[in-house]
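Q: Requesting a structural model of the entry that follows:
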Amino acid sequence: MATGTTERKGAVPDSTTQTESLFAKAHEDLYAAWPVLDGRLQRATEALHEGKIEQAKRIVSKVLERYPDEPDCFNLQAAIAHHEGRNDEAESLAARCVEQRPENKAYRYNYALLLLRLGKADETIGQARILLAAEPANPLFRNFHAMLLCRKKQFADASEQYRQLTEDYPECTELWSMLASTLRSIGGHTEDAVDAFRKAVELAPWMGTVWWSLASMKTFDFTADDVAAMERQLALPPASAQHRADLHFALGKAHGDLKNYEKSFQHYTRGNAIRRIDLRYDPDDTTDMVRRAKRVFSPELFREKAAAGHDSIQPIFVLGLQRAGSTLTEQILGSHSQIEGGGELQSILRIVGDDVMPRTGPDYPNGMEKLTAPDLRAMGEKYLELSKPHRAQGKPFFVDKCPFNLWHVGLIHLIFPNAKIVDVRRHPIGCSLANFTMSFAHAPPLSYRLTDIGRFYRDYVRLMAHFDLVLPGKIHRVIYEELVADLEGQVRRLLDFVGQPFEPSCLEYYKNDRAFNSFSNEQVRRPIFDDAVDRWRNYEPWLGPLKEALGPVLDAYPGVPDFEA
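A: Have a look, this model is predicted:
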């Protein structure tokens, strides 16, 4: 691998220029081929891009008075409606544009992007294929289609498309990185994935995101030459805050590989500090939300709405903090003949935003008493419908392992009173440090500061303790360290809870060739090891603030302390 540096004196590196110009030019050409000709609508478009929503709405309304069937107006109205959360209206308007002007690729691309944002994968890929059939060489459409194949977990097909794209555009760093990511998701292609990531950093050694992609491969170890190459990049003017932060995270992993734990921790701390600069997060808000949830989700509420929800038993909700072992738990369950691994579904999160809060008000979870039995059953139907694209195997049961569902346990039980909920928990320090050393693409606040992580973990334990009290026996707890120490015993307990007979295949989960995209890709494709259980002890000299923030939760683990009311 080349370890030289790209000179940076305020100019954008050549590889970035090619990456950005490739897709930016294709994007620009698309809209240039199908321009908005009306000057008023051009001004409305500019206003929309500047966030001047009301101004854009007024202009569009005036144009519609004279031209009531103008698709450019509908196109803008669709964007405005989506911005304001009126998604059904946005979809209808975007579809109307395509119906009126099926040859207009800009309308169709906008429609496909909207469908993607609405989680309608099958409909999106249908539109993408129409675009690709019309312009099979267009790199924007090719990349979009390959990305959608990844969304549908068709990583083998996606990798072939990305491989062809890298052959056509060999200097495009992003394409090499995407090829590597898809190869990694298939399994059994680790060396090819590393080679593709290596090609990406050879083209753009300053791109911290690519170095971090290598670092996140748990079976990959950096060399001293890699460390020197990354440190040279940090000595140059930064390409961006994100790349600089990811260089620090990657160097944290690299120094950890070399057992330079003090330097490792210093780099993780610097990476987190950069990511925290523009963050607006107050841990008191999380604590307040837990207080509201404890007040709202009372025994009385659950008794009152005991028969109100949907009667399906298909979903199994696996939740907990990130880096606690939820991917491993899902892989174990998904290796059962009757259970399919659905991945991190966003369906509950979407229902909260689109269906719950319009009825209950913005101060979630207040207002749960306003949800009627028809409301809850309709939400259940919508959830099952949204989940269908993720159930390619058609098994009777499926796992939704979205970790953020931990904030919606009460709502989940109201919607699906018969569904199984599994809470995966890992040692407070081990889990917290794993979050601190992870550069998430869309990082939750708990990953930036040790004290915030500790408080977040404590609030999570407090919240789940409440549901253990008001929903006795409804939540099964998997303790990661116990799972590692006694795999068969814990798997038998887990399967018994979800109502399925024991199958030996669940102990050989690593033989499951299911393709999925997760930071834990490599780990769940190996037999279980205890190498991660005590990793945090290497960093113990610097974890005092975390221990203090965790408080009594640390001493009580795997039990829970007596929390105040």
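Q: low-confidence ranges in the protein?
A: Scanning the chain for pLDDT under 70 picks out 1-20, 441-447, 513-532, 564-565.
Q: Return the residue of it that is most distant from the centre.
A: In the chain, the residue that sits farthest from the middle, by CA atoms, centre = their mean, is Arg66; the gap is 44.2 Å.
Q: and that residue, what are its phi and psi?
A: With angles defined as degrees, to the nearest 10, Arg66 sits at phi -100, psi -30.
Q: Next one: it from Arg40, what distance?
A: Distance of Arg66 to Arg40, computed by CB to CB, to the nearest Å: 10 Å. Where you see a C-beta, it was placed from the backbone N, CA and C, and this is true even at glycine.
Q: Please apply the same query to Gln346.
A: Gln346 sits at a distance of 37 Å from Arg40 (criterion: CB to CB).
Q: Ok, Asp29 next?
A: To Arg40, Asp29 is 24 Å away according to CB to CB.
Q: who's more crowded, those two?
A: Higher neighbour count among Asp29 and Arg40: Arg40, with 15 against 11, using other CB atoms under 10 Å.
Q: which residues touch the more buried one?
A: Arg40 is in contact with Ile59, Lys62, Val63, counting by CB atoms under 8 Å, 6 or more residues apart in numbering.
Q: Kindly report the same for Ile351.
A: Listed by CB under 8 Å, 6+ apart, the contact partners of Ile351 are Met379, Lys382, Tyr383, Leu386, Ile415.
Q: What's the PyMOL syntax to select whichever of those are buried?
A: A single PyMOL command is used to select the members of the contacts of Ile351 judged buried by 16 or more other CB atoms under 10 Å:
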select buried, resi 379+382+383+386+415
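Q: so of the contacts of Ile351, which ones are in helices?
A: Taking DSSP state H as the definition of helices, these contribute Met379, Lys382, Tyr383, Leu386, Ile415.
Q: Export those residues as a markdown table, with columns for distance to Thr190.
A: As requested, the ones in helices among the contacts of Ile351 are arranged in a markdown table below (distance: CB to CB, whole Å):
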| residue | distance to Thr190 |
| --- | --- |
| Met379 | 41 |
| Lys382 | 38 |
| Tyr383 | 35 |
| Leu386 | 32 |
| Ile415 | 39 |
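Q: from these, which two are the most distant?
A: For the ones in helices among the contacts of Ile351, the maximum inter-member distance is 12.4 Å, found between Leu386 and Ile415 (CB to CB).
Q: what separates His189 from Ala250, distance-wise?
A: Distance from His189 to Ala250, by CB to CB: 21 Å.
Q: Compare these two (neighbour count), which wins?
A: Applying other CB under 10 Å to His189 and Ala250 shows that Ala250 carries more neighbours, namely 28 against 18.
Q: Ala229 is in contact with the more buried one, correct?
A: No: the criterion here is CB atoms under 8 Å, and Ala250 misses it with Ala229 at 10.3 Å.
Q: For Asn366, which three-state class applies?
A: What DSSP: H, G, I helix; E, B strand; the rest coil gives for Asn366 is coil.
Q: which residues sit in contact with it?
A: With CB under 8 Å, 6+ apart, Asn366 has these contacts: Arg292, Val296, Thr360.
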